[in-house]
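Undergrad: Everything below, folded, please.
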Amino acid sequence: MPVEEIERKVLEALTALGITYVRHEHPPVATVEAAEKHWAGLKGAHCKNLFLRNYKGNRHYLVVAPVSRGVDLKKLTGQLGEDRLSFASPERLKRWLGVEPGSVSPFGLINDETRHVRVVCDSALKASPSLGFHPNVNTATLEVALADFERFLAWRGNAVRWLEL
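TA: Modelled structure (predicted):
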């Protein structure tokens, strides 16, 4: 699917939900480090999104945290009652969220029709009035209000947990 169509699907979903956003266009960025120099106009929390799987590969997690926060996978493993967590493969990422590496975003949940992916959000995000995420492509960042992000998650219906990471 062309990049424009991938992003349009996200923008149409947000518009249908009455969620306003500010779109910031930038060159393709695959890592937080590469994106940092393009965040000057963003007012909210800059987020990193990790797509993880458990040891058996039968559960997948989307972890959303401020870029400034380290995510301790051993601690998170215990918090979730898992045996081990590791990064999921690009094939799993494509299957469950419909995105490529470097474009991981909560907006990928629109492609998870079975609501298989479990979402884990760092409770530190609640201190920010707005959050920034890719619209499933890494050439833009959408800034949305925290309340609208929570509304988007509720609309998707995936299991969501807010934890101190």
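
Undergrad: For the longest helix along the chain, which helices and strands make contact with it?
TA: Assignment by DSSP state H gives helix 3-16 as the longest helix of the chain. Applying 3 or more CB pairs under 8 Å, 6 or more residues apart in numbering; DSSP states H and E, we find helix 3-16 packed against strand 140-145, helix 146-156. Every residue, glycine included, has its C-beta placed from N, CA and C.

Undergrad: residues of the longest one that come out buried?
TA: Translated: helix 146-156. Under the neighbour-count criterion of 16 or more other CB atoms under 10 Å, helix 146-156 has L146, D148, F149, E150, R151, F152, L153, R156 buried.

Undergrad: Out of those, which comes closest to L80?
TA: Nearest to L80 among those, counting by CB to CB, is L153 at 17.2 Å.

Undergrad: Which strand residues bridge the residue lying closest to the closest one once chain neighbours are set aside?
TA: Spatial nearest neighbour of L153, excluding adjacent residues (CB to CB, 6 or more residues apart in numbering): V160 at 5.2 Å. Taking DSSP bridges as the rule, V160 bridges to V119.

Undergrad: and the angle for the longest strand along the chain with helix 146-156?
TA: Determined from DSSP state E, the single longest strand within the chain is strand 45-54. Using axes from the mean of the first three to the mean of the last three CA atoms, to 10 degrees, the direction of strand 45-54 lies 30 degrees away from that of helix 146-156.

Undergrad: angle of the very next helix or strand once past strand 45-54 against strand 45-54?
TA: Using DSSP states H and E, the helix or strand that follows strand 45-54 in sequence is strand 60-66. Here strand 60-66 runs at an angle of 160 degrees relative to strand 45-54 (the same axes, to 10 degrees).

Undergrad: Just the residues contacting strand 60-66, thanks.
TA: 45-54, 71, 76, 80, 85, 88, 92, 96-97, 104, 106, 108-109, 116-122, 124-125, 128, 165 (CB atoms under 8 Å, 6 or more residues apart in numbering).

Undergrad: average pLDDT for the helix or strand following it?
TA: From strand 60-66 onward toward the C-terminus, using DSSP H and E, the following helix or strand is helix 73-80. When pLDDT is averaged along helix 73-80, the result is 97.

Undergrad: before we move on, the earlier item: between the longest strand of the chain and helix 73-80, how many degrees?
TA: Using the same axes, to 10 degrees: strand 45-54 against helix 73-80 is 70 degrees.

Undergrad: Can you list the neighbours in contact with strand 45-54?
TA: Against strand 45-54 from outside (CB under 8 Å, 6+ apart): 32, 35-36, 39, 59-68, 71, 73, 82-88, 92-93, 96-97, 104-106, 125, 127-128, 130-133.
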